[in-house]
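**Q** Here is my input, please return the structure:
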Amino acid sequence: ADAALVDSQVALQTDVTATRERELKEKIATLDSQLRELKAQEKKLTELIAAEAEDATRLIDLLTADSKVIPSPLNELIAKPKPPILNLQSLISDLQSLGNDYANDEALLKDRVRLLREEGEQIENEIRQLRTGDRETSYDSEAPEASRLRRLLRAELGLSLDDVIYLCTALQVPDESWQDAVEGVLGNNRFTLLVPPQHFNAAMRLYRELRQKEKLHGVGLLDSERIIKHARNAQSESLATEVESAHPAARAFVDLVLGSTIKCDSLEAMRDQRTAITRECFVRRNFTDSHLNPQVYRRWFIGERAAPRQIEQRETRIKEISSELTQLNKRETALRERLALTRDKIRPLIELEHALEAIAILPERNTQHASLTKELQQLDLLTVETLKADVEKYHRERDQLQSEASTLERRLGSLEEKIKQIETESIP
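**A** Numbers count the residues shown, from 1 in each chain. Have a look, this model is predicted:
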């Protein structure tokens, strides 16, 4: 029986069909393992692509709101949200371009936010100083060149604060309704510097020496002695009559600059004058009418009303800055959303591209699996099955013989015991 079993096993092992069956089953088992892994990866990638398609839909809505051109690969992704992705390289390129645009917008926005915050901090500091009676910061802000020259004159010539003054600090405008007009017509002349006559020549020499190095262009330095000497009376209805000053040189300068500008209550009344102005700051010069810059005339520097007005204007500007920052914060949030859907998508899409390359062999593996399975099904397994049946039969016969042999051995052992017992009892 053992010999027959061995012979049948050898026959089964050496049968060509049986050998091919084993080979096919081993290959199919290997492919099954590969296919399970590839299909798991494909499922995961399909979910990722579906999520990318949803983000693409969001991005299209945002691009439409921004009046930007919609890249065609976005629509293709939405139309076919599963592997493989068509034109993935084009999609990555388009998203990179859009991301760069939005990144530039973000950089400009952050720069604007930084400037606004710096301006706000400066204005708040100016408000604090103005409330304590310190008006120097307002001069530094409005007329930085004049402020620098004033400091230089005091330092180099040993002059006091009262020796070097701005024209505007020596003036008053009693009638508030005409203050805009006075401030507007004087303009930068408000920051003309007045020094004692005996120091004028030294001041001009210093001015000339430092004009390039300290960038002092455009600063006015009043020759008090000569303007008083050549002073002339202002016309009775001129804007100069709305200005008061106890400083002789300042008085003479105002009469010179404003003394021929006639005050008018209406635009029609100005037509009768060569040089005139209204309370609304419409001005006529040489029969040509224009409107003064409100950024100039609304920033008061003359008289006691100047500081409260400057504080009020700065507080208004603080509110404007706050409002603009709120809008910029909203825009920054919107830009972050757009960057998340463009620039931040580049790396994940490149990784997705590599992952799709890894499962590109899935169709080939499916074809191989189907081919091997078909071949296995078409094998002539009759001889193999017969050999398998013989092996099973000889296995059973061997097992039966081994069982019978065991039974006989037990019976033989029992008989030997009885023989020994009889021999012992027969011996006297």
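**Q** Just give the closest residue to the residue most central in space within the chain, not the sequence neighbours.
**A** Nearest to the mean C-alpha position of the chain, by C-alpha atoms, centre = their mean, lies Glu106 at 4.1 Å. Among residues not flanking Glu106 along the chain, Leu335 sits closest, at 4.8 Å (C-beta to C-beta, 6 or more residues apart in numbering). In this view, the C-beta of every residue, glycine as well, is placed from N, C-alpha and C.
**Q** Hmm, Asp105 and the one you found touching each other?
**A** Yes - counting by C-beta atoms under 8 Å, Leu335 does reach Asp105; the two are 5.9 Å apart.
**Q** can you pull out the helices in the stretch 51-200 of the chain?
**A** Secondary structure of the stretch 51-200 of the chain (DSSP state H, counting those that start in this stretch): helices at 72-79, 88-131, 136-142, 144-157, 179-186, 200-210.
**Q** again, but for the stretch 301-428 of the chain
**A** Using DSSP H, counting those that start in this stretch, helices in the stretch 301-428 of the chain cover 306-340, 346-358, 362-378, 382-426.
**Q** quick one: the second one to helix 72-79, angle?
**A** This points to helix 346-358. Interaxial angle of helix 346-358 relative to helix 72-79 (axes from the mean of the first three to the mean of the last three C-alpha atoms, to 10 degrees): 60 degrees.
**Q** Could you pull up the contacting residues of Leu48?
**A** Contacts of Leu48 were listed using C-beta atoms under 8 Å, 6 or more residues apart in numbering, and they are Leu352.
**Q** pLDDT value on it, please?
**A** Leu48 carries a pLDDT value of 91.
**Q** can you check Thr373 too?
**A** So, for Thr373, pLDDT stands at 89.
**Q** picking up where we left off before, could the helices of the stretch 51-200 of the chain be laid out in JSON lines, adding mean pLDDT?
**A** What follows is those, written out as JSON lines (pLDDT from 0 to 100):
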{"stretch": "helix 72-79", "mean pLDDT": "90"}
{"stretch": "helix 88-131", "mean pLDDT": "94"}
{"stretch": "helix 136-142", "mean pLDDT": "88"}
{"stretch": "helix 144-157", "mean pLDDT": "95"}
{"stretch": "helix 179-186", "mean pLDDT": "97"}
{"stretch": "helix 200-210", "mean pLDDT": "96"}
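**Q** Mind checking those helices for the one nearest to Leu362?
**A** Across the helices of the stretch 51-200 of the chain, Leu362 has its closest neighbour in helix 88-131 (17.1 Å, C-beta to C-beta).
**Q** quick one, the closest one and helix 346-358 angle?
**A** On the basis of the same axes, to 10 degrees, helix 88-131 is oriented at 170 degrees to helix 346-358.
**Q** Tell me the helices and strands packed up against helix 88-131.
**A** In terms of contacts (3 or more C-beta pairs under 8 Å, 6 or more residues apart in numbering; DSSP states H and E), helix 88-131 is packed against helix 72-79, helix 136-142, helix 306-340, helix 346-358.
**Q** so which of the ones you listed comes closest to Val173?
**A** Among these, helix 306-340 sits nearest to Val173 (C-beta to C-beta), with 9.6 Å.
**Q** buried ones in the closest one?
**A** By 16 or more other C-beta atoms under 10 Å, the buried positions in helix 306-340 come out as 306-307, 309-311, 314, 321, 325, 328, 332, 334-335, 338-339.
**Q** which phi and psi does Val173 have?
**A** phi -120, psi 100 (degrees, to the nearest 10).
**Q** Double-check it against Glu242; I have them as touching.
**A** Yes - using C-beta under 8 Å, Val173 is in contact with Glu242, at 5.8 Å.
**Q** shared neighbours, the two?
**A** Shared contacts of Val173 and Glu242, counting by C-beta under 8 Å, 6+ apart, come down to Val182.
**Q** Looking at these two, which is more packed in?
**A** Neighbour tally, Val173 and Glu242, criterion other C-beta atoms under 10 Å: the higher count belongs to Val173, 22 against 18.
**Q** measure the more buried one to Gly218 for me?
**A** Val173 sits 24 Å away from Gly218, taking C-beta to C-beta, to the nearest Å as the criterion.
**Q** Compute the distance between the residue found closest to Asn293 once you drop the neighbours it is linked to in the chain and Ile165, please.
**A** Counting by C-beta to C-beta, 6+ apart, Asn293 lies nearest to Gly184, which is 7.3 Å off, once chain neighbours are set aside. Separation of Gly184 from Ile165 (C-beta to C-beta) stands at 21 Å.
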